[in-house]
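Chemist: Turn this into a structure:
(one chain, ligands or ions: 1)
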Amino acid sequence: MSLSDRPLTPSRKIIGLLENEGVEWWRSLGSKEFAPLLFFGKMEPGKLSNGSYACFSNHKNTENKRAFLSQSQAKHGLQNFSFYQAPETMGNINGAFYMPHHHYSSQHSLSPERIINHKLLGSIPESVTIVEVGPRDGLQNEKEIVPTAVKVELIKMLVSSGLPVVEATSFVSPKWIPQLADAKDVVSAIQGIVGSRCPVLTPNLKGFEAAVSAGAKEVAIFAAASESFSQSNINCSIKDSLARYRDVALAASNLSIPIRGYISCVVGCPVEGAIPPSQVVYVAQELLNMGCTEISLGDTIGVGTPGTVIPMLQAVLEVVPIEKLAVHFHDTYGQALSNILISLQMGIRTIDSSVSGLGGCPYAKGASGNVATEDVVYMLNGLGVKTNVDLRKLIYCLQTLSTGVFVKCNGIVKNMLVVGRMVVFMALLHSILAIYCHL
Ligand SMILES: CC(C)(COP(=O)([O-])OP(=O)([O-])OC[C@H]1O[C@@H](n2cnc3c(N)ncnc32)[C@H](O)[C@@H]1OP(=O)([O-])[O-])[C@@H](O)C(=O)NCCC(=O)NCCSC(=O)C[C@@](C)(O)CC(=O)[O-]
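Modeler: From the prediction side, this is the model:
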């Protein structure tokens, strides 16, 4: 679950209108606290009962102030409320979202000096590189195929939020992953992008050559620490995969193309269960030897806890320099942030994540999405760690995902491109409710 999906809780209770005029008006009613709020789903008046006021306003509405509701009004007035809509936001959903103009701001109460000297925080790096994997890891897992133009738009929005690396797609067999069959078009369309690196996955030389001719400047190969997972994911043994990857790595090195190496199932496999750190170490050493510039350790099915992740990281750190390591956690059991925190405490500076927690793994049934990028950024902001990511822009991207372009529903992003379809549905629902209430 990402920030945007969470229900209102007492700790997230304050609802504010973020236009100055509205805030002043609200203040005059006695409210002292303001915070941006974002939520999805139908809003229940009861959840607004926080001793404050619920306020919704359409910025274009000259009757702006009347759109504010007092708490008691809110209880009765929400079925047809107008809501704040940022000028740049598309869509209109009855009770669906509230666009914040402000950052979510997580704060810390320690000065930089105190953080450095703190016994638990002192080893956390000053800055972290976030590798956004949503367009690849997220979209490869969607049941419906997302149109190329939408993918490209998503990548551009992610880049514009300041993410330094946005993994764009995979040059894999379209028979295996039809969702990414348009890899060539996606890569061609993002050629003008500046400011972020956009690597792509390549499972073999065929994929590597296609990626390079489409314009890819960085690639990633993906091995596994589990024999069964290697078979189901890339249809060969670990040993054979490493042989294939040596060819790719050599070709990449000849063209001075940086190559990242993934290792899947670093703590657990859907078939084999617990994976011993020694298996991860073996694959990591091989990837390093063939020239990988970075190694990303994937808890593919999200079963790791600090109890398994720490020994695995300690073992890998014996062979891979820390600056070459990245971590890639899925959030099946809500352990991703704790695993990231301990990775940071161990000095790791590269974190993979996926906007809105998109993802899963086509070959690991039940694996939930990657840790949500917005949650990672929120935590890092709170720790005073620099990421270069503008959380407001990221949230805007996420909202576009959830409203104009996709609708997120029970953890699955369904490609809708159907603001229209949705609005019609909502209008119908609204009419039915109105008739029902009238009767
Ligand atoms: C590896 C293969 C290709 C082997 O697939 P295969 O069927 O064993 O290979 P093949 O060499 O026998 O080829 C079969 C067909 O695929 C074609 N082919 C072969 N290679 C390519 C290519 N590169 N691009 C396009 N087409 C390709 C090839 O030309 C042939 O076409 P046909 O003659 O039948 O018409 C296949 O198993 C595959 O594509 N697997 C992809 C699996 C995948 O993408 N998994 C998800 C990514 S990994 C992941 O998500 C984990 C990660 C990274 O996020 C970290 C974590 O969380 O753990």
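Chemist: Does at least one residue of stretch 279-286 sit close to the ligand?
Modeler: No: judged by Cβ under 6 Å from any ligand atom, stretch 279-286 and the ligand are separated, with a smallest distance of 11.4 Å. Where C-beta positions appear, they are placed from N, C-alpha and C, glycine not excepted.
Chemist: Put the alpha carbons of that stretch into CSV.
Modeler: C-alpha atoms of stretch 279-286 as CSV (Å, rounded to 0.1, in the frame of the first residue of the first chain):
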residue,chain,number,x,y,z
GLN,A,279,24.3,-19.0,-3.2
VAL,A,280,23.8,-15.2,-3.4
VAL,A,281,27.5,-14.7,-2.9
TYR,A,282,28.4,-17.1,-5.7
VAL,A,283,26.2,-15.3,-8.2
ALA,A,284,27.3,-11.9,-7.0
GLN,A,285,30.9,-12.8,-7.4
GLU,A,286,30.3,-14.1,-11.0
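Chemist: who's in contact with that stretch?
Modeler: With Cβ atoms under 8 Å, 6 or more residues apart in numbering as the test, stretch 279-286 has contacts from 223-226, 238, 242, 261, 263, 266, 295, 297, 312, 315-316, 318-320.
Chemist: wait, is residue 327 part of a strand?
Modeler: Yes: residue state for residue 327 (DSSP: H, G, I helix; E, B strand; the rest coil) corresponds to a strand.
Chemist: Break down the stretch 201-350 of the chain into its strands, ranges please.
Modeler: Under the criterion DSSP state E, counting those that start in this stretch, the stretch 201-350 of the chain contains strands at 219-224, 259-264, 268-269, 273-274, 294-299, 325-329, 350-353.
Chemist: partners of the last one, with directions?
Modeler: I take that to be strand 350-353. Using DSSP bridges, strand 350-353 pairs in its sheet with strand 129-132 (parallel), strand 325-329 (parallel).
Chemist: so which of the ones you listed comes closest to the ligand?
Modeler: strand 325-329 (5.4 Å; Cβ to the nearest ligand atom).
Chemist: does the closest one come close to the ligand?
Modeler: Yes: contact of strand 325-329 with the ligand (Cβ under 6 Å from any ligand atom) involves residue 328.
Chemist: Dump that strand to CSV, restricted to CA.
Modeler: C-alpha atoms of strand 325-329 as CSV (Å, rounded to 0.1, in the frame of the first residue of the first chain):
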residue,chain,number,x,y,z
LEU,A,325,25.5,-2.8,-4.3
ALA,A,326,21.8,-2.0,-4.6
VAL,A,327,18.8,-3.5,-2.9
HIS,A,328,15.5,-4.3,-4.4
PHE,A,329,12.7,-5.2,-2.0
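Chemist: So what touches it?
Modeler: By Cβ under 8 Å, 6+ apart, the residues outside strand 325-329 that reach it are 129, 131, 133, 260, 262, 294-299, 302, 304, 309, 313, 316-317, 335-336, 339-340, 343, 348, 350-352, 370-371.
Chemist: could you pick out which of those residues are near the ligand?
Modeler: Filtering the contacts of strand 325-329 for neighbours of the ligand using Cβ under 6 Å from any ligand atom leaves 262, 298.
Chemist: Just the buried subset of the contacts of stretch 279-286, please.
Modeler: Buried members of the contacts of stretch 279-286, scored by 16 or more other Cβ atoms under 10 Å, are 223-226, 238, 242, 261, 263, 266, 295, 297, 312, 315-316, 320.
Chemist: could you pull out the helices for the stretch 51-200 of the chain?
Modeler: According to DSSP state H, counting those that start in this stretch, the stretch 51-200 of the chain carries its helices in the segments 71-77, 112-117, 148-160, 183-189.
Chemist: do you know which of those helices lies nearest residue 277?
Modeler: Smallest distance to residue 277 across the helices of the stretch 51-200 of the chain (Cβ to Cβ): 29.9 Å, for helix 112-117.
Chemist: Against which helices or strands is the closest one packed?
Modeler: Using 3 or more Cβ pairs under 8 Å, 6 or more residues apart in numbering; DSSP states H and E as the contact test, no helix or strand touches helix 112-117.
Chemist: what comes up buried for that helix?
Modeler: residue 115.
Chemist: show me where pLDDT drops low in the stretch 151-300 of the chain?
Modeler: Scanning the stretch 151-300 of the chain for pLDDT under 70 picks out nothing.
Chemist: again, only this time at 90
Modeler: By pLDDT under 90, the low-scoring segments of the stretch 151-300 of the chain are 153, 192, 194.
Chemist: for the ligand, what are the nearby residues on it?
Modeler: Residues of the stretch 151-300 of the chain lying close to the ligand (Cβ under 6 Å from any ligand atom) are 170-173, 175-177, 201, 203-204, 206-207, 222, 233-235, 262, 264, 298, 300.
Chemist: Mark which of these are buried, thanks.
Modeler: The neighbour count (16+ other Cβ under 10 Å) marks 170-173, 176-177, 201, 203-204, 207, 222, 233-234, 262, 264, 298, 300 as buried among those.
Chemist: just to revisit the earlier point, among the strands paired with strand 350-353, which is nearest residue 385?
Modeler: strand 129-132 (10.3 Å).
Chemist: contact partners of the closest one?
Modeler: Applying Cβ under 8 Å, 6+ apart, the contact partners of strand 129-132 are 158, 163-167, 296, 326, 349-355, 373, 376-377, 387, 389.
Chemist: pLDDT below threshold where in the stretch 301-439 of the chain?
Modeler: Applying pLDDT under 90 to the stretch 301-439 of the chain flags residues 356, 358-369, 382, 384, 391-439.
Chemist: go again using 50 as the cut-off
Modeler: When residues are selected by pLDDT under 50, those of the stretch 301-439 of the chain lie in 404-420.
Chemist: Is it possible to get TSV of the strands paired with strand 350-353 that adds mean neighbour count?
Modeler: Below are those laid out as TSV (neighbours: other Cβ atoms under 10 Å):
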stretch	mean neighbour count
strand 129-132	24
strand 325-329	25
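Chemist: Residue 255: which of those strands is closest?
Modeler: Among the strands paired with strand 350-353, strand 129-132 comes nearest to residue 255, with 21.4 Å by Cβ to Cβ.
Chemist: Show me the protein divided up by domain.
Modeler: Here the chain is described, according to automatic domain parsing, as comprising the domains 3-102, 112-389.
Chemist: Identify, out of those, the most deeply packed stretch.
Modeler: Among the domains of the chain, the stretch with the highest mean neighbour count (mean count of other Cβ atoms under 10 Å) is domain 112-389, at a mean of 20.
Chemist: Can you tell me the closest non-neighbouring residue to residue 110?
Modeler: Leaving aside its chain neighbours, residue 110 sits nearest to residue 118 (6.5 Å; criterion: Cβ to Cβ, 6 or more residues apart in numbering).
Chemist: cool, residue 269 as well?
Modeler: Spatially, and ignoring its direct neighbours in sequence, residue 269 is nearest to residue 226 (3.5 Å; Cβ to Cβ, 6+ apart).
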